[in-house]
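Asks: dropping a prediction and its sequence here:
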Amino acid sequence: MNKFPLGQSVATPAALKAIEEAGQTPAFFLDKHVRGEWGEVCNGDKQLNDQALVDGSRILSAYRTLLNARVWVITEADRSATTILLPEEY
């Protein structure tokens, strides 16, 4: 069950490359994110994400591909867009 709207989904070329190299798809990570499976974020960030479902602030999830590359998924506060990127691109 989706917990919030993603808006327009986009990804950086580097994130797409890391995901494709692992034999995965962007949809895999977007599905986890929109269901509230925040991945590898600290407890404080999990709490901020849960609060964002109520107050409409930014949502950040962090995952690893099957080849151990870290990817972030960020949904903007206005829910207009969700971006998949590598942490170093933030």
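Replies: Arrived safely.

Asks: buried residues in the one helix or strand L16 maps to?
Replies: Under the criterion of DSSP states H and E, L16 resides in helix 13-21. For helix 13-21, a neighbour-count test (16 or more other CB atoms under 10 Å) marks A15, L16, A18, I19 as buried. In this view, the C-beta of every residue, glycine as well, is placed from N, C-alpha and C.

Asks: so how far is T83 from the third one?
Replies: In this case it means A18. 14 Å (CB to CB, to the nearest Å).

Asks: so which pair among the buried residues of helix 13-21 is furthest apart in space?
Replies: In these, two members sit farther apart than any others by CB to CB. They are L16 and A18, at 7.4 Å.

Asks: which SSE is immediately downstream of the longest helix along the chain?
Replies: Scanning the chain for the helix with the most residues, using DSSP state H, yields helix 43-55. Next along the chain after helix 43-55, taking DSSP H and E as the criterion, comes strand 59-64.

Asks: what's next to that next one, contact-wise?
Replies: 4, 29, 32-33, 37-41, 45, 48-49, 52-53, 70-75, 87 (CB atoms under 8 Å, 6 or more residues apart in numbering).

Asks: quick one: buried residues of whichever helix or strand comes after it?
Replies: Next along the chain after strand 59-64, taking DSSP H and E as the criterion, comes strand 70-75. Across strand 70-75, burial judged by 16+ other CB under 10 Å covers V71, W72, V73, I74, T75.

Asks: is it true that the fourth one touches P87?
Replies: I take that to be I74. No - counting by CB atoms under 8 Å, I74 does not reach P87; the two are 10.6 Å apart.

Asks: wait, S80 sits on G7?
Replies: Yes - S80 is within contact range of G7, at 4.3 Å (criterion: CB under 8 Å).

Asks: those two: who's more crowded?
Replies: Counted by other CB atoms under 10 Å, S80 and G7 do not tie: G7 has more neighbours, with 14 against 11.

Asks: no further questions, thank you.
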